[in-house]
Structure formats: structure tokens, C-alpha cells
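Engineer: Show me the folded form of this:
(chains A, B, C, D, E and F)
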There are 4 protein chains.
Amino acid sequence: MLGNKQENVKERIIDASIKLFLAKGFAGATTKELTDAAGVAKGTLYWYFSGKDQILDEILEKFSHELYDQAFEKVKNTDGNFVARFKALYRFITEFAREKKELLLVSTTVLGEIAGTGSSAEQKIRGIQMKAHDFIKALLDVGQKEGTVRRELDTNIQAHIILASLVGMHLEWCLHGDSIDAVAYARAYRDHILRGLGIQE
Amino acid sequence: MLGNKQENVKERIIDASIKLFLAKGFAGATTKELTDAAGVAKGTLYWYFSGKDQILDEILEKFSHELYDQAFEKVKNTDGNFVARFKALYRFITEFAREKKELLLVSTTVLGEIAGTGSSAEQKIRGIQMKAHDFIKALLDVGQKEGTVRRELDTNIQAHIILASLVGMHLEWCLHGDSIDAVAYARAYRDHILRGLGIQE
Amino acid sequence: MLGNKQENVKERIIDASIKLFLAKGFAGATTKELTDAAGVAKGTLYWYFSGKDQILDEILEKFSHELYDQAFEKVKNTDGNFVARFKALYRFITEFAREKKELLLVSTTVLGEIAGTGSSAEQKIRGIQMKAHDFIKALLDVGQKEGTVRRELDTNIQAHIILASLVGMHLEWCLHGDSIDAVAYARAYRDHILRGLGIQE
Amino acid sequence: MLGNKQENVKERIIDASIKLFLAKGFAGATTKELTDAAGVAKGTLYWYFSGKDQILDEILEKFSHELYDQAFEKVKNTDGNFVARFKALYRFITEFAREKKELLLVSTTVLGEIAGTGSSAEQKIRGIQMKAHDFIKALLDVGQKEGTVRRELDTNIQAHIILASLVGMHLEWCLHGDSIDAVAYARAYRDHILRGLGIQE
DNA sequence: GATGAATGAGCATTCATTCAT
DNA sequence: TATGAATGAATGCTCATTCAT
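Structural biologist: Take a look at the predicted model:
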């Protein structure tokens, strides 16, 4: 089908862009590199996207949908107390990180580059972060009610801390990815956060 | 003295660069903007620096020296157990963050942009992170020996986690700086990490 | 009939092109705009025309035929002296300008854009102008013989002047079309030219 | 002096642009051709101008000042009746056309190309034309009061006609410049207009 | 030391044209 | 006939860097 082929080209451009934005930054990756890597002509980029900006936008959209939306869905369908739900969330994110490492990393690393530019990508990232923050805060609130999460903690701040920890962890993976045992690291990180919330296993 | 004036110009360029790299990213800030903000002519930049790259190098050098070297010095001169020493470290970093917010942030945010480029700035950042990691690991090792830090934790991984948390925290400040009570947030973050290490206050 | 439909498509492309060349100039109007306005796909343009250039060629052809050829025919069939024939010519042009304003204007306005390019369109415009010049000169020569047009005037130059006046008038309509009473203006212009030829009404 | 050299470069770019806009149209002349013809690098254009548009703006500014402002000044300082003043105006324009042929022509030929674009150049052209129209109308009004210009003519329309005639004459020069005896043509044109105003020599 | 005019490689983007369907 | 995805040369423009003054 035509539809398949078309989507294929668009997908190839996005995939190439994810890899190149990660390796060279958003500003550092040129459209020529993008299209060369995708195996299409320069002009083809502009048939599928309005410009470089929109590629980043679609990457973030994809990230938001594939990671957070699905993660939240997963957690909603998980029974048990806060610990079980947080572990489910963490497991999903860790698995995602293994399969779609670059998609996760590019969303994190581009963040510093575009923060403060007022671009539509920045709006989108802020939106994603806000949604994630609110979701985690709601999770923590339930955790406090059921007595799993320490009562005296400010769930708003703790949600910020958890998100910041995740972002920091992703950046570490980006910088030291090869020299780290990702599975052990992720588990240690998860337990660190749980202890930080006053939860002893 | 001439010497003073020279240093003054160089310092002005660095200060302007810190602000602009933070606001627009490294690639996004142009040399014209840098020199305009510093109040010098375009050519002057090349009297003091070999190019844009070297400005970033010197910023990272400055960051490494002013934050980590001094922080480590401070901690070395602090008596008491791990908790006291970690709090001293954390206090220094927090105070630094208040006084030289941009210097701290630019070092963090530029990170994602240049990771994977193989530039000299990337080497420098990796070096700084490694030094910081080793220092914190050593701190944790001592903490384990004195019984403050949980024995079963892998201090190598925990050092990574602590560093990642700091980086994540700085990025949060960068993105949501205005809507966050920095002092309360920093204290909560510190205690979160301590609990993550198995330390109950 | 298929034949009808084909002509219809071609006609639609030409009509859309006339409007767009007028609004945006020849170089300023893109093939996408042309085909969008005509309601056909981009590729279709190349079934009916060899390229953008040929559209302009056909517009000029159409213009040459519909305006000048018919105007000359009309004048040839008009009895009476020079004044009657000139008025007939002028009336035809004015009526044409009312009905097919854009066709007339595009032929005039594109002129400046393509003059000196050596394109086939330029050849065609020169040819049209030359034909018009010769026709008007012949008209003036007869006028002189019958004693209507002043004897001492150089009919070659006067023909140039009349043509230049027509072109200038059309450009004025293009620039100030809305703020001008076209009928009064055209009549005043006609009488101005007649007086310029030494003819008092 | 530096000032001289700088002005020289800017002047060279403007002169080259006038020639190229005339030969290839505004859209048809590329920045590379402009800078090659001026003997400077591509980037230099952007040191002196904000872009191609601004070159056209400055050309029109120059045209407005050098032709109309000075022509109007000349006419104001001319004694005698309308005929004397109109001849002075015409003489100035004709002399200008001989010395700065291209500047005059480019202002006329670009007109059709940019009409309707809403560009700043279009605003400027309209402004120039309006100023010229008002000036000529005022001249005609005085001519009517002193009894030189026919009373029953609408000076507003006659001013339009005179301007349109001038524009048409310039375009003729552009198209048939080489095959026309400019001096004889200009004089014939002038007398044609005067007769059109009801003035017999 | 300091300037800023000048450079030109490189950038994102446009668009007339082609061609498989 | 008609389509529209794909092309790539060409465009206007940017910007790190150089260098004569």
C-alpha cells in the first residue's frame, strides 16, 4: 500500500533524527545529515515536515505518547498499594529505556538546549513534565492515604524530586551508558527513591 | 593596571557567555550576541580566546574549580560522621547555586548538547563528573565503614545516583526555577537522598 | 466529451495563472499555487504545458489574439476618418479592459520583469508590441493623408507615444485601480491623446 | 578615510543591484550575482543591508530623492508660466534619464513585479507616485488659474495621465532603448502632452 | 590591545520538474 | 489523463573566524 510506504519514509526520517539529535544535539544536527541518514533527498524532509522544528515536535509527541501515556495506563491497571504501582511504573520506564533508548534520551538531552527559547518544543516538554508531575503527585497522595508514603512529606516536592531523579538517571545513561550495569543501576535507583519516600522493603 | 583591565574584559566575556549559553544553548548563542552582551567588539573575543569552544572550556574549568574543588576542600575540613560531611557538601552546593546559579546551570544544560560530540568540552565534563563521582564514592565508603551508610549498598552505584540526582535537581531549577521554593526543595532533596542511603534523621 | 474537459483543465490553469502572475509576478507565483488555484495536482500542469514558461507564453498568445487581433479586425471594419477609427480602437480596448482586466494587466506588468531576459516570452511581447506599433502607425499615416492628424508629426514616434500611453494607463489601473473612475479616466485619456495628435473635438 | 571606503562598498552593491534588477527583475537577480557583480563576498551584502529587500528600498529612496525631490526643487525655482515650468520639469527628467538611465528604469520596471505584494518597497513606490501626482496636480491647478491649461480639464485625472505617460515612456525606453532616438522622442512626447493639455506652441 | 569590515563555508528552506502508479 | 511523492539544484541568509588598521 501507498500508505505504508509513505509512513515508512516519515518514520525513517524520525528515526534518523532521534539518533542524530542525540549524537549532535538539535542545533548541531543538519538537515543534510538527517536526510542522508534517512536515505532521502533534502526536499523530501519538507514534504513530510514543515521544518526541523516539527521533527522535534513529533519526536516529543511520540515520546509523550509511547512512554508516559502508556506508562500511566499501565499503572492505572495495576492493583496493589503505592509500592506495587510505583514498581510497575518504574518497570515500564526501564523496559522502555532498554528498547527505545534513544527516544528517551533525546527527549532528556534536548531539554537543556531548548529551555528558555520559547519554542513550541519547549512548550511541549513543559507540558509533558507537568503531566508527569501531576500523575506522580496523585500516586504519592494515594500512597500517603494508604499509609505507605510518609505522611510528613510534601507530595508536590517529592514528585519534583522523583522526576528530577529520572531525568538525572537518563542523562547519566547518556554520558556513561557503556560503563554502567543498567539493570543493577535501575533497581538500585528505584530502591533509593523508595527509601527516600520512607519505604523500607 | 593593564593586567586588571585584561582580566576584566575576559571575565566580562565569560560572564556574558554563561548567561547566553544558558538562555540559548551553546550552538544557539552567536559570537555577536556574546560580544555585544560583554560590550566588546567581535574581534576582541579572539584576542582572549581561540574561539567559541574555548569559552565553554573555560566556563567548565571555572565551574570545576569554583564548585567542586572548593566543595571538596570544605568537606575535607569538616569534622563529624558521613551525615555531617554530606550536609556540608550539600550546603556548599546549595549556597553556590544561589550565588552563581547560571554557572551551575550552564554546566548541566550544555551537557546534553555536547554529549557524544567528542569535543574537548565533553572530555572536560566527563572528567569533572568522574572526579565528583570518585569523591562522593570515597565519602560513602567512609560512611559505610563508620556504619552510617547502609552496608549492603553498592557505593559505586550510589555515587552515580547522588550525582544524577544533583544534575536532575539543577535541570528542574532551570526549567521551573520561578515556581519552586528553592530552599525547601533543596532541603527536601537532601533528606530524600539521605533516606535513600538508609539514613533516618 | 473528453475534449471539452481537457480544454477546461487547461483553461483553468491559464485563468488561475493570469490571476496569480498579476498578484505575485511571474517569478513570485509558484507552480503549487498555480495548480492549487486551478484545482489540479502539481503533475497535471506538465501534461498540458512544458513548464511555467509556456503558461506565460500561452497567456501572451491569448492576449495577442483576443485583444490586438480582434481590435485590429474591428478597426478595419470601421468606416469614417481617423478619429472614428481611433475611437473604435480605444472603445474596444476599454471594453476589453473591463471584461478581461487581468489578462490585459498581466501582459503589461510581467513586461518589466522579463525584459532583458531573452526568454521566449520576451520575444513574444516584443512581437506583439511591434505589431501594435505598426498597426497604429499605419492608422496615423492614413490620418495624415486625410488631413485629420497633423502633418508635421512623425507617425513612427507618435505610434510609440500612443502605445507607451496605453501601457502607462494600464499600469496606473493596476496600482490605483480602486481609487480611479475608470470610465472617466479612459475617456479623458483618449481625448488627451487625440489632442496630442492635434485633433480638437 | 574609512568612511569613503565603506560608502564605496555600499555604493558598489547598490549600483550592481540596479543593473541586475533591471536585467533580470528583482526576484530573478540572485544575491550571488549581486555580490559577484559588486566584487564582494556573499556575507558582505548583509553587513550593509538587512537583505535583498532593503537594497530595493534604498534604490527607491535614492530614486525618489535624486529624481523627484530635485526635480520639484528645480521647478519651484523656475519663473514663468505653466509651460515654462513643465518644460523645466521635463528637461530635468530627460537629463536624469540620460545620466542615470538604469536607476530610472529599475524603479519603473520593478513596479509591476512587486505591485500587490504589500512589501515595503511597494509602499515606497506608491508614496513616490502619490507625491509626484500631487506635485503635478498643483502645477496644473496653477496653470489653469493663469489660463495656460484648459479650464474644463480635471487636473486630478490629467496628473494621472501625465504620470502614466512618463511611466509608459520609461518602459518603452527599456524595451526599445536602442532603436529609438531618445532626444527626439522625449521632445515629441513633451509636446504631445502639452497639446493634450490644450496648449499649442 | 581592540576594532569591525570582510569573508565564505555552511545552513534551512524552496520549488520547478520528474516519474512510477 | 491525472496524481502527488520524491528530487536536488539553487536561494537567501547566518555566523565563526580573520586581519588590516
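Engineer: Helices of chain A, start to end?
Structural biologist: A:2-24, A:31-38, A:42-48, A:52-63, A:70-76, A:82-99, A:101-114, A:120-145, A:155-176, A:182-196 (DSSP state H).
Engineer: Would you mind giving the ones you listed as TSV with mean pLDDT and distance to DNA strand F added?
Structural biologist: C-beta here means a position set from N, CA and C on the backbone, and glycine is covered the same way. Below are the helices of chain A laid out as TSV (pLDDT from 0 to 100; distance: least, C-beta to the nearest atom of the strand, whole Å):
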stretch	mean pLDDT	distance to DNA strand F
helix A:2-24	83	4
helix A:31-38	96	8
helix A:42-48	97	2
helix A:52-63	94	13
helix A:70-76	93	28
helix A:82-99	91	26
helix A:101-114	82	14
helix A:120-145	92	17
helix A:155-176	86	24
helix A:182-196	91	36
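Engineer: want to throw those into JSON lines with distance to D:A164?
Structural biologist: JSON lines is the format used below for the helices of chain A (distance: least, C-beta to C-beta, whole Å):
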{"stretch": "helix A:2-24", "distance to D:A164": "53"}
{"stretch": "helix A:31-38", "distance to D:A164": "48"}
{"stretch": "helix A:42-48", "distance to D:A164": "43"}
{"stretch": "helix A:52-63", "distance to D:A164": "47"}
{"stretch": "helix A:70-76", "distance to D:A164": "69"}
{"stretch": "helix A:82-99", "distance to D:A164": "71"}
{"stretch": "helix A:101-114", "distance to D:A164": "54"}
{"stretch": "helix A:120-145", "distance to D:A164": "49"}
{"stretch": "helix A:155-176", "distance to D:A164": "68"}
{"stretch": "helix A:182-196", "distance to D:A164": "79"}
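Engineer: Which residue is the nearest non-sequential neighbour of the residue nearest to the spatial centre of chain A?
Structural biologist: Residue closest to the mean C-alpha point of chain A, counted by C-alpha atoms, centre = their mean, is A:L104 at 4.3 Å. Nearest non-adjacent residue to A:L104, counting by C-beta to C-beta, 6 or more residues apart in numbering or on different chains: A:A97, 5.2 Å away.
Engineer: Touching, the one you found and A:C174? I think so.
Structural biologist: No. Using C-beta atoms under 8 Å, A:A97 is not in contact with A:C174; the gap is 10.8 Å.
Engineer: Mutual contacts of those two, please.
Structural biologist: Counting by C-beta atoms under 8 Å, 6 or more residues apart in numbering or on different chains, no residue touches both A:A97 and A:C174.
Engineer: The residue of chain A found nearest chain C: what's it in contact with?
Structural biologist: Using C-beta to the nearest C-beta, the closest approach of chain A to chain C is made by A:W47 at 11.4 Å. By C-beta under 8 Å, 6+ apart, the contact list for A:W47 is empty.
Engineer: so how far is D:A97 from it?
Structural biologist: 49 Å (C-beta to C-beta, to the nearest Å).
Engineer: Likewise for A:K131?
Structural biologist: Separation of A:K131 from D:A97 (C-beta to C-beta) stands at 69 Å.
Engineer: give the contact list for the residue nearest to the centre of chain A.
Structural biologist: A:L104 sits next to A:63, A:67, A:96-97, A:170 when contact means C-beta under 8 Å, 6+ apart.
Engineer: next one: A:L171
Structural biologist: By C-beta under 8 Å, 6+ apart, A:L171 lies in contact with A:108-109, B:111-112, B:164, B:167-168, B:171.
Engineer: higher neighbour count, A:K131 and D:A97?
Structural biologist: D:A97 (19 against 14; other C-beta atoms under 10 Å in any protein chain shown).
Engineer: Spell out which residues sit in contact with that one, please.
Structural biologist: D:104, D:170, D:173, D:182, D:186.
Engineer: What is the nearest of the contacts of A:L171 to chain D?
Structural biologist: Of all these, chain D sits closest to B:G112, with 31.0 Å by C-beta to the nearest C-beta.
Engineer: show me what contacts the closest one?
Structural biologist: Applying C-beta under 8 Å, 6+ apart, we find B:G112 in contact with A:25, A:108-113, A:171, A:174.
Engineer: which of those are buried?
Structural biologist: Listed as buried from those are A:25, A:108-113, A:171, A:174; burial here means 16 or more other C-beta atoms under 10 Å in any protein chain shown.
Engineer: okay if I get the contacts of A:L171 as TSV plus distance to C:N81?
Structural biologist: Shown next, in TSV, are these (distance: C-beta to C-beta, whole Å):
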residue	distance to C:N81
A:T108	89
A:T109	87
B:L111	91
B:G112	87
B:A164	99
B:V167	96
B:G168	96
B:L171	91
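Engineer: Which positions in chain A make contact with DNA strand E?
Structural biologist: Counting by C-beta under 7 Å from any atom of the strand, chain A comes close to DNA strand E at A:29-32, A:42-43, A:45-46, A:51-53.
Engineer: go again using 10 Å as the cut-off
Structural biologist: A:1-2, A:5, A:24, A:26-35, A:41-47, A:49-55 (C-beta under 10 Å from any atom of the strand).
Engineer: Type out the ChimeraX command that picks the buried ones from these.
Structural biologist: Of those, the buried ones go into a single ChimeraX selection, burial set by 16+ other C-beta under 10 Å:
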select /A:24,26,27,28,29,33,34,35,44,45,49,52,54,55
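Engineer: OK, contacts around A:T109?
Structural biologist: Counting by C-beta under 8 Å, 6+ apart, A:T109 touches A:21-22, A:25, A:171, A:174, B:111-113, B:115.
Engineer: actually A:H170, sorry about that
Structural biologist: The contact partners of A:H170, taken as C-beta under 8 Å, 6+ apart, are A:97, A:104-105, A:108.
Engineer: Which one of those is nearest to DNA strand E?
Structural biologist: A:L105 (19.9 Å; C-beta to the nearest atom of the strand).
Engineer: Just give me the neighbour total for that closest one.
Structural biologist: Applying the criterion other C-beta under 10 Å, we find 22 residues in the vicinity of A:L105.
Engineer: Leaving out chain neighbours, which residue sits closest to it?
Structural biologist: A:L105 sits nearest to A:C174 (C-beta to C-beta, 6+ apart), 4.9 Å away.
Engineer: From A:I136, how far off is the residue nearest to A:L104?
Structural biologist: Relative to A:I136, and taking C-beta to C-beta, A:A97 is found at 17 Å.
Engineer: try A:V149
Structural biologist: Noted for A:V149: a distance of 11 Å to A:I136, by C-beta to C-beta.
Engineer: Repeat that for A:G118.
Structural biologist: The gap separating A:G118 from A:I136 is 26 Å, by C-beta to C-beta.
Engineer: So which of the two has more stuff around it?
Structural biologist: More neighbours surround A:I136 than the other of A:G118 and A:I136, with 22 against 9 (other C-beta under 10 Å).
Engineer: Would you confirm that the more buried one contacts A:A159?
Structural biologist: Yes. Applying C-beta under 8 Å, one finds A:I136 in contact with A:A159, separated by 4.3 Å.
Engineer: What's the local residue count around the nearest residue to A:L89 once chain neighbours are set aside?
Structural biologist: Computed as C-beta to C-beta, 6+ apart, the closest residue to A:L89 that is not its neighbour in sequence is A:V75, at 5.0 Å. By other C-beta under 10 Å, the residues close to A:V75 number 19.
Engineer: list the contacts for A:L89?
Structural biologist: So A:L89 contacts A:71, A:74-75, A:139 (C-beta under 8 Å, 6+ apart).
Engineer: go again using 10 Å as the cut-off
Structural biologist: Neighbouring residues of A:L89 by C-beta atoms under 10 Å, 6 or more residues apart in numbering or on different chains: A:68, A:71-72, A:74-75, A:78, A:135-136, A:139, A:162, A:166, A:190.
Engineer: mind listing what A:A16 touches?
Structural biologist: Applying C-beta under 10 Å, 6+ apart, one finds that A:A16 lies in contact with A:29, A:33-40, A:55.
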